[in-house]
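Q: give the three-dimensional model of this entry:
(one chain, ligands or ions: 1)
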Amino acid sequence: MRRNIVEIPEALKTAAKEAFNKAYAPYSNFHVGAAALTKQGNIVQGCNVENASYGLTVCAERNCIGQAVINGEQHFQMIVIYTEQDKLTPPCGACRQVIAEFFEQSAPVIALNHKNEQQVWSVEQLLPDAFTPKDLLDK
Ligand code: THU
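A: Numbering: from 1, shown residues only. Below is the predicted model of the structure:
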């Protein structure tokens, strides 16, 4: 299923942009902000946090999900990934795996930019046949 347009709550857009402004990305200069709407209706945020040991960088999406978990929330409605790139930014492979752990397969993952352009994928489109907790059940 391809969803092309999703109504993004304004507060979620604002939160993603706010997170973008807090990104710590001195090496790539590629700032990313993420904001997710939890099933309880709360908004959590994350930005990319780089490191002088480059491989330790953590993406905005994974920091965003981590913030939800530390706040006791593990179920989400949607996630917005905000950059100020003309080409909309899709989540990297590692983030797709982490998103698949916590979001329903049909949940929208939305790339948004400063021109208010958006591209929407379902979790399943981004990572078909994902390895998820159910695959650990020995049944
Ligand atoms: N980045 C993210 O935060 N999310 C993604 O899905 C793609 C990549 C960050 C990691 C790194 O700090 C910078 O963007 C360039 O790769």
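Q: drop to CA atoms for contacts and neighbour counts, all remaining ones
A: Fine.
Q: so what would you say the end-to-end distance of stretch 15-33 is?
A: 8 Å (Cα to Cα, to the nearest Å).
Q: and the protein, which of its residues are near the ligand?
A: 25, 28, 30, 32, 48, 50, 57, 59-60, 90-92 (Cα under 6 Å from any ligand atom).
Q: so what pLDDT did the closest residue to Ala25 other than its chain neighbours get?
A: Nearest residue to Ala25, sequence neighbours excluded (Cα to Cα, 6 or more residues apart in numbering): Glu50, at 5.4 Å. In this model, Glu50 is scored at 98, pLDDT.
Q: where's Glu50 relative to Ile79, distance?
A: The value you get for Glu50 to Ile79, if Cα to Cα is used, is 21 Å.
Q: cool, and Ala25?
A: From Ala25 to Ile79 the distance is 21 Å (Cα to Cα).
Q: so between those two, which is more surrounded?
A: Per other Cα atoms under 10 Å, whichever of Ala25 and Ile79 has more neighbours is Ile79, with 29 against 16.
Q: shouldn't that one be within a helix?
A: No. Assessed with DSSP: H, G, I helix; E, B strand; the rest coil, Ile79 is strand; it does not lie in a helix.
Q: list the residues that contact the residue lying closest to it once chain neighbours are set aside.
A: Of all residues not flanking Ile79 in the chain, Ala36 sits nearest, at 4.1 Å (Cα to Cα, 6+ apart). Ala36 makes contact with 12, 43-45, 64-65, 76-80, according to Cα atoms under 8 Å, 6 or more residues apart in numbering.
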